[in-house]
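A.B. asks: Provide a 3D model corresponding to the input given below.
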Amino acid sequence: MSLSDVEAHWQTTRPTIRERNKFMFNNNLFSDVKFIVREANDGNEGKKVIPAHKFVLSISSPVFSAMFYGELAETGDSIEISDCEYKSLLELFRYIYSDEVNLSGSTVMEILYLSKKYYLPSLTEKCIQYLQEHLDASNVFSILQSVKIYEEMNLVYDCWKVIDRQTQEAVKSDVFEAIDRPLLQAVVERDTLNIEEVELFKAVDLW
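C.D. replies: Model prediction:
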């Protein structure tokens with residue numbers, strides 16, 4: 001969006017700094033950096049561009065602050081990001097610009113990763129809360145395997161509570177067959193599971 005495309009005196013119709021900041025989200029107006037990120041669409045992978053503003057990103061994240069204003073600051077106006085999808089990075093920026101974020105089962109793990117990477121603790125908390133609220137036997141092993149590396153011990157504890165209570169359903173989930181060996185071993189060694197031993201070993205045999 002260029003200045004000629006912007007409504008006249010748009011600043012005056014948005015009385016709070018939050019509203020004005022939100023207006024700048026994913027907006028080319030005054031943008032001084034662009035992020036290039038992959039987007040998977042119907043099995044085809046392309047790339048999309050997200051315009052951003054160094055100052056806004058930097059006052060929210062010490063990582064972005066170092067990236068743009070540190071001793072080894074980025075000097076180019078385009079940055080390619082290879083470790084996430086377009087939707088996830090867009091939601092990270094939405095949160096930075098507006099304190100809002102749209103979380104879903106397909107994006108929350110990647111947004112959690114980005115919140116850790118760019119050091120946004122408040123967004124991390126929102127991701128963890130979302131995972132806790134949507135935790136059940138069908139996804140518990142997927143969540144547990146992912147969050148272990150982030151050392152979010154409260155969520156890890158919640159995962160094990162679900163596994164203990166709903167062992168039968170959890171080990172029959174599609175995710176169980178894809179867990180790594182250390183997690184499988186931890187399950188087998190656990191003595192608080194709600195399942196007959198023979199049923200547990202049937203599930204392990206299918207792993």
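A.B. asks: can you list contacts of the helix or strand bottoming out on mean pLDDT in the chain?
C.D. replies: Lowest on mean pLDDT, DSSP states H and E among the helices and strands of the chain sits helix 197-205, with a mean of 83. With contact meaning CB atoms under 8 Å, 6 or more residues apart in numbering, helix 197-205 is reached by 167-168, 171-172, 176, 184, 187-188, 193. (C-beta placed from N, C-alpha, C; glycine too.)
A.B. asks: if you rank these by neighbours, which is first?
C.D. replies: Among the contacts of helix 197-205, the one with the most neighbours (other CB atoms under 10 Å) is Val171, at 25 neighbours.
A.B. asks: low-scoring stretches of this structure, by residue?
C.D. replies: For the chain, the stretches flagged by pLDDT under 70 are 1-5.
A.B. asks: where along it do the strands fall?
C.D. replies: 33-41, 44-52, 78-85 (DSSP state E).
A.B. asks: I'd like those laid out as TSV, including mean neighbour count and distance to Val162.
C.D. replies: Formatted as TSV, these follow (neighbours: other CB atoms under 10 Å; distance: least, CB to CB, whole Å):
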stretch	mean neighbour count	distance to Val162
strand 33-41	15	30
strand 44-52	14	34
strand 78-85	14	27
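A.B. asks: sorry, back to before: give the buried residues for the least confident helix or strand of the chain.
C.D. replies: Applying a neighbour-count criterion of 16 or more other CB atoms under 10 Å, one finds 200, 203 buried in helix 197-205.
A.B. asks: cool, stretch 60-68 as well?
C.D. replies: 60-61, 64-65, 67-68.
A.B. asks: returning to what we had before: and the contacts of helix 197-205 as a markdown table, adding distance to Asn154?
C.D. replies: A markdown table is the format used below for those (distance: CB to CB, whole Å):
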| residue | distance to Asn154 |
| --- | --- |
| Thr167 | 21 |
| Gln168 | 25 |
| Val171 | 23 |
| Lys172 | 26 |
| Phe176 | 23 |
| Leu184 | 23 |
| Val187 | 20 |
| Val188 | 24 |
| Leu193 | 21 |
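A.B. asks: dump the residue contacts of the residue nearest the centre of the chain.
C.D. replies: Nearest residue to the geometric centre of the chain (CA atoms, centre = their mean): Ile111, 1.2 Å. Contact analysis of Ile111 by CB under 8 Å, 6+ apart lists 88, 91-92, 101, 103, 123, 127.
A.B. asks: ok, Val171 next?
C.D. replies: With CB under 8 Å, 6+ apart, Val171 has these contacts: 187, 195, 199-200, 203-204.
A.B. asks: in helices, which of the buried residues of stretch 60-68 appear?
C.D. replies: 64-65, 67-68 (DSSP state H).
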